[in-house]
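> After the sequence you'll find the predicted model.
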Amino acid sequence: GRAMHNALARLNALATLAVSVLGGMCLLTTSTDLLHMARPEVALAVESVDHFMSYVHDDQAYMSLSLQADLSSCFSWNTKLLFVYVMAEFENEDDERAQVFLWDKIVEGREGGRLDIPLLRNRMDYPLVGRGQHLRGQDMKLTVGGQVV
């Protein structure tokens, strides 16, 4: 009976050590990604407003934009995909902030993180629509954003 107790005690000690070492390695690996600092470089410009119209009592606009971005710093060993978007923010007729996506793209890998799009147009997928007919002359903020997928 005594030999069996020693074997189980040793097996338990070995399993405890293995789990502790693996847990510590997981914490160290996770901490390396927490220390990663992304510094994307982005230039976005409105080239022209191609079309502006009223559509079913709402204003609708189509624009041409240019986008240059270096998003390669957003990728780490743990990042495989990056969802990138261009969003317009403005106040609608109820003085509420409206956010409208104008364009999006899924970027795969660090190599795909360099974007140079001289003519980016929002078309049928993402028209810029403002509730009511108050979009003309409205101050608008264009933002390039992204989410790690």
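Structure received. These numbers come from a predicted model, not from an experiment.

> Could you pull out the helices in this protein for me?
2-34 (DSSP state H).

> burial count for Leu102?
22 (other C-beta atoms under 10 Å). Yep, even glycine has a C-beta here, placed from its N, CA and C like the rest.

> For it, give me its contacts.
Applying C-beta atoms under 8 Å, 6 or more residues apart in numbering to Leu102 gives the contacts 63, 65, 85-88, 122, 126, 128, 142.

> mind redoing it with 7 Å?
Leu102 makes contacts with 86-88, 122, 126, 128, as judged by C-beta atoms under 7 Å, 6 or more residues apart in numbering.

> so where's the protein shaky on pLDDT?
1-4, 93, 123-124 (pLDDT under 70).

> can you give me the strands in it?
Assigned by DSSP state E, the strands in the chain fall at 41-55, 58-70, 81-91, 97-108, 114-121, 128-130, 141-148.

> now these as JSON lines including distance to Leu35?
Shown next, in JSON lines, are the strands of the chain (distance: least, C-beta to C-beta, whole Å):
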{"stretch": "strand 41-55", "distance to Leu35": "21"}
{"stretch": "strand 58-70", "distance to Leu35": "21"}
{"stretch": "strand 81-91", "distance to Leu35": "19"}
{"stretch": "strand 97-108", "distance to Leu35": "22"}
{"stretch": "strand 114-121", "distance to Leu35": "24"}
{"stretch": "strand 128-130", "distance to Leu35": "39"}
{"stretch": "strand 141-148", "distance to Leu35": "15"}
